[in-house]
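In: Based on what follows, work out the 3D shape:
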Amino acid sequence: MKMLLSEIKNPPECLNASVIRTLQVNCRIKQVSDLLRWNPLRIAKKCPNLTLKQIMDARRFVIVKYTAQTMTVASLMVERAERAFTLSTGITSLDKILEHGGLRPGRIYEVFGPPGVGKTQLVMHLSAENSRNGRETMYIDTKNDFSSLRFHDMLQDEDKASSLHLAKVFSLADLVEVTASLASSRKLPKKAQLFIVDNLASLVWPELGSRKMTAVMAMMRRVCRNLRTIASRRDAVVVIVNNMTSKFKPSLGKLYVNVVDASLHFESKTKISLVKVTRKNKVIHRIPIEKIATADGICISKNGFK
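Out: Numbering: from 1, shown residues only. Model (predicted):
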């Protein structure tokens, strides 16, 4: 620190003009960095008219006022968590059972269940909620069934429709390339804090018949690593849509183990379970959701499922 001791404004008594002059004459200590570099016992030996307490008080004053504050890893994590946003699902009963009242950044969530229960509807609704809050969404559509008209109906604000960035991917190899590019931050929008893959299983199952299992597993590991990088480095919420096996478990099995932090299991069109990701996938909460049938199935609005 290239700052002279004489330049300190409103110095305490332990660094008055007489002390500074003694340090300069006896020890050639002129700068703040000199005072921190010298051993206090050595200074006391060369400056007998200064007590060790005066020297330590002077050093303590300089450290507090002119050096960077020391932070622990725990304090940094707390600060990061306080800055982080919580993405509300817009469904009060679902927000209540989720930690912190919504989806947290830096985490990967899974939505799985049988066909036609509203998995895509939910992630589209999350995209609309994210847009209404002034943030952007990166949406990867693997089934070519994303409806922009339905998204606009959910959003109800044409000015914010551009906050959703849609990418259509039709092979697992392409998904590896796209997620790698997004993980490196080269193409991920700066305000994008929600990242959706709808649907992962629809890309993997066709590959199992045309490639060796080892090749598919290698590509899946790369995809999962890229998704984890996106979640952690960008403080983004990652939501993956997945299918369900006949045993009421998420699809992909060992190809997909230890990837997600929490799962939302659509048991039916009227019931969702929050599943803690463990070896036995323990159900933590189960909530009922009122269903109102419409001409085009189930619609999710600001107040939840409709």
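
In: Just the pLDDT at Ser301, thanks.
Out: According to the predicted model, the pLDDT of Ser301 comes to 39.

In: and if you look at His285?
Out: Residue-level confidence at His285 comes out at 52, pLDDT.

In: now the helices for the stretch 201-306 of the chain?
Out: Counting by DSSP state H, counting those that start in this stretch, the stretch 201-306 of the chain has these helices, from start to end: 201-210, 213-233.

In: The last one to helix 201-210, inter-axis angle?
Out: To tie it back to what came earlier, the one meant is helix 213-233. Computed with axes from the mean of the first three to the mean of the last three Cα atoms, to 10 degrees, the direction of helix 213-233 lies at 160 degrees from that of helix 201-210.

In: so where's the stretch 1-150 of the chain shaky on pLDDT?
Out: 1, 68-85 (pLDDT under 70).

In: Let me see the ranges of the helices in it.
Out: Remark: helices of the stretch 1-150 of the chain, listed N- to C-terminal, are 17-27, 32-37, 40-46, 52-66, 73-83, 92-97, 119-132, 148-155; assignment by DSSP H, counting those that start in this stretch.

In: Point out the most buried one among the helices of the stretch 201-306 of the chain.
Out: The highest average neighbour count among these, using mean count of other Cβ atoms under 10 Å, belongs to helix 213-233 at a mean of 17. (Glycine included, C-beta is placed from N, CA and C.)

In: Give me the mean pLDDT for it.
Out: Average pLDDT, helix 213-233: 88.

In: now for it, which elements pack on it?
Out: Using 3 or more Cβ pairs under 8 Å, 6 or more residues apart in numbering; DSSP states H and E as the contact test, the elements touching helix 213-233 are strand 108-112, helix 172-183, strand 192-198, helix 201-210, strand 237-242.

In: quick one, which of the ones you listed is nearest to Lys53?
Out: Go through the helices and strands packed on helix 213-233 one by one with Cβ to Cβ and the one that ends up closest to Lys53 is strand 192-198, at 52.2 Å.

In: strand partners of the closest one, parallel vs antiparallel please.
Out: Paired strands of strand 192-198, with direction, are strand 136-141 (parallel), strand 237-242 (parallel) (DSSP bridges).

In: Point out the most buried one among those.
Out: Highest mean neighbour count among the strands paired with strand 192-198 (mean count of other Cβ under 10 Å): strand 237-242, with a mean of 25.

In: what's the angle from that strand to strand 108-112?
Out: Using the same axes, to 10 degrees: strand 237-242 against strand 108-112 is 30 degrees.

In: And for strand 237-242, what's in contact with it?
Out: By Cβ atoms under 8 Å, 6 or more residues apart in numbering, the surrounding residues in contact with strand 237-242 are 87, 103-105, 107-112, 119-120, 123, 126, 193-201, 227, 230-231, 250-252, 256, 259-260.

In: Kindly write the ChimeraX command that selects the buried subset of those.
Out: Written as a ChimeraX command, the selection of buried residues from the contacts of strand 237-242, which uses 16 or more other Cβ atoms under 10 Å, is:
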select :87,103,104,105,107,108,109,110,111,112,119,120,123,126,193,194,195,196,197,198,199,200,201,227,230,231,250,251,252,256,259,260
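
In: follow-up on the earlier one: the helices of the stretch 201-306 of the chain: which one's closest to Leu23?
Out: For these, distance to Leu23 was read as Cβ to Cβ. The smallest value, 46.7 Å, belongs to helix 213-233.

In: what inclination does the closest one have with respect to helix 172-183?
Out: Going by the same axes, to 10 degrees, helix 213-233 makes 20 degrees with helix 172-183.

In: If anything else comes up later, I'll come back, but that's it for now.
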